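Q: let me see the structure of the following:
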Amino acid sequence: MSTLQSSNRIEPRLIIPSTKHDTSNNNPDTIIIAKLYTIREAIADRVEMHKNICEQRCQWNTMLLTSINCITLAAATITAIAITSTSPIFGLKLCSTLMYFAVTCMLVLLNQLQPSQLAEEQRNASRLFRNLLNQIDTTLSIGQPVSNSGVKMAMLSVLALDKAYPLPIIGTMLDKFPYIIEPAIWWPQQQRQTNSKIVLYDNRDDCDGWNGELEEEMRQTKSKIVNENRGDCNGWNGKLDKEMRRTKSKIVNENRDDCNGWNEKIEEEMRRTKSKIVNENRDDCNGKLEEEMRQRKSKIVNENRDDCNGRNEELEEEIRQTKSKIVDENRDDCNGWDRKLEEDMREVAKILEKKDQEEYIRLATKALNLNKFLAVLGPVLTGLATIGSALVGSSRSWAAMIGVVPGALACIVNTIQHGGQVGMVFEMYRSNAGFFKYMKESIESNLMEKDVNKRENGEVFEMKLALNLGRSLCELRELANSYSSCKIEELDEFASKLF
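A: Numbers count the residues shown, from 1 in each chain. Reported below is the predicted structural model:
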């Protein structure tokens with residue numbers, strides 16, 4: 001029986017996801033897809049890492065706050081007992097003093113690390129990595145062609161996120177009390193220039209080994225050779241050619257008097273003047289005729305308007321529909337972009353920068369100032385309580401009050417700062433400002449690209465922008481129109497309705 005059970009027992013095995021792909025045929029598309037899957041697996045691992053560390057730091061904040069408040073209240077209670085006690089109180093004084101001193105050291109360390117802010121950083125990193133993971137899954141699922149530049153941009157995005165939200169605390173931790181508040185930046189900078197450079201070098205094989213850098217080098221070499229061999233060109237160069245042209249012009253001018261002032265250039269100018277006069281007279285005649293025809297047409301239309309039974313309105317509506325259809329067709333030819341959409345995107349980018357981003361920077365500044373004040377006030381109160389508890393039993397009457405009251409106030413300050421997670425609020429505002437900066441730069445990078453076929457599809461981009469801002473397409477266009485008709489200071493509405 002035991003032999004049968006041992007034979008049916010399944011041994012647990014550690015299953016490690018494989019990153020190997022079949023690239024034996026050296027197909028470029030297969031290799032690119034394999035690289036993209038490798039990046040995807042790394043991103044999925046980072047999502048789990050940041051999620052776990054976020055939970056750990058949330059628990060860290062809760063447990064440290066609870067422990068510090070309990071120790072502080074216990075030290076205040078012991079100090080109060082020592083004040084009212086008639087027996088020897090040296091042991092009570094020493095106990096309360098050590099507890100206050102330990103709480104002061106713990107508060108200094110806690111205020112420097114700001115666990116609630118650390119947890120918010122990891123929460124944002126997990127969300128952004130998950131967003132990047134979804135983008136890669138969408139690209140793979142719809143079968144969109146992927147180039148080496150796309151793979152490198154995905155890699156740069158991962159590295160930018162690693163830099164924006166580091167995992168370690170020692171050495172690479174973000175400054176919790178920055179002197180200058182800037183929006184959070186988690187995307188690769190100079191995306192458009194980097195992308196163009198990557199595409200240029202990736203397409204070197206398709207251009208028979210040529211690229212922009214090699215062409216520039218060849219032009220410089222050619223210019224150098226021409227300058228060196230100028231002396232071997234029988235003395236001819238650009239300066240001598242220019243001098244010969246001036247001499248020729250001078251001879252022509254001197255011989256003009258011999259031709260009674262006439263030459264080919266003057267004859268050509270006279271013919272052009274004559275043609276211009278004829279055309280101007282023709283335009284005057286045509287303009288009068290066209291004006292007369294328009295007046296007759298308007299008179300006939302006004303007389304027959306009642307007899308048309310609304311056909312004029314139908315014709316106007318048909319004309320508008322036809323115009324809209326032509327605009328849509330032209331938009332399809334321009335990858336979903338047209339002049340109106342570009343103008344709307346520029347207006348929205350200005351609103352994002354001047355209204356939303358500045359508003360959240362202002363809120364982040366207020367949260368940071370409050371956090372700085374509380375971070376200094378807490379250790380100062382516990383330090384005073386340490387001194388007061390050490391002086392309990394002396395002839396000084398104020399020592400008893402300092403040993404108890406600052407300890408109670410320190411509990412209140414710690415609860416407001418770490419229980420209210422003021423550091424987390426600051427990081428949330430900074431991240432929101434970074435989100436609006438990212439949307440603005442996305443608009444600008446698309447508009448800076450002159451080739452519309454290299455841009456993101458205009459209709460898709462407009463819909464994505466509207467969804468990220470919590471608006472419909474109509475509301476987004478109305479926002480752009482309202483900004484174009486008034487000054488930014490007069491606009492009370494923000495671009496985002498989402499937060």
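Q: every contact and neighbour count from this point should use C-alpha atoms.
A: Fine.
Q: following whichever strand or helix holds Ile31, which helix or strand comes up?
A: Using DSSP states H and E, Ile31 maps to helix 28-84. Next along the chain after helix 28-84, taking DSSP H and E as the criterion, comes helix 90-113.
Q: which other helices and strands contact the next helix or strand after that next one?
A: Counting by DSSP H and E, the next helix or strand C-terminal to helix 90-113 is helix 115-141. Contacts defined by 3 or more C-alpha pairs under 8 Å, 6 or more residues apart in numbering; DSSP states H and E place helix 115-141 against helix 28-84, helix 148-164, helix 422-448.
Q: between the ones you listed, which gets nearest to Ala349?
A: helix 422-448 (4.9 Å; C-alpha to C-alpha).
Q: buried stuff in that closest one?
A: Neighbour-count burial for helix 422-448, counted by 16 or more other C-alpha atoms under 10 Å, picks out 422-447.
Q: got a markdown table for the helices and strands packed on helix 115-141, with mean pLDDT and distance to Asn111 too?
A: Converted to a markdown table, those look like this (pLDDT from 0 to 100; distance: least, C-alpha to C-alpha, whole Å):
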| stretch | mean pLDDT | distance to Asn111 |
| --- | --- | --- |
| helix 28-84 | 92 | 11 |
| helix 148-164 | 92 | 21 |
| helix 422-448 | 94 | 9 |
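Q: who wins for proximity to Gly336 among these?
A: The closest of these to Gly336 is helix 422-448. By C-alpha to C-alpha, the value is 12.1 Å.
Q: packing partners of the closest one?
A: helix 115-141, helix 339-351, helix 358-390.
Q: what angle do that helix and helix 339-351 make?
A: When axes from the mean of the first three to the mean of the last three C-alpha atoms, to 10 degrees is applied, the directions of helix 422-448 and helix 339-351 differ by 150 degrees.
Q: for the helix or strand just after helix 422-448, list every residue counted as buried.
A: Downstream of helix 422-448, the first helix or strand assigned by DSSP H and E is helix 458-468. Neighbour-count burial for helix 458-468 flags Gly458, Glu459, Phe461, Glu462, Leu465, Ala466, Leu467 (criterion: 16+ other C-alpha under 10 Å).
Q: next: stretch 115-134.
A: With the criterion 16+ other C-alpha under 10 Å, stretch 115-134 contains buried residues 115-126, 128-130, 132-133.
Q: likewise for stretch 169-181?
A: Within stretch 169-181, the residues that count as buried by 16+ other C-alpha under 10 Å are Leu174, Lys176.
Q: now what about that stretch, what contacts it?
A: Applying C-alpha atoms under 8 Å, 6 or more residues apart in numbering, the set of residues contacting stretch 169-181 from outside is 112-114, 117, 165-167, 361, 364-365, 368, 372, 423, 430.
Q: likewise for stretch 138-145?
A: So stretch 138-145 is contacted by nothing (C-alpha under 8 Å, 6+ apart).
Q: give me the below-cutoff pLDDT ranges for this protein.
A: Scanning the chain for pLDDT under 70 picks out 1-28, 86-88, 190-218, 220-267, 269-271, 273-333, 394-397, 487-490.
Q: got a list of what Ala82 touches?
A: Counting by C-alpha under 8 Å, 6+ apart, Ala82 makes contact with Ile89, Leu92, Lys93, Val392, Gly393.
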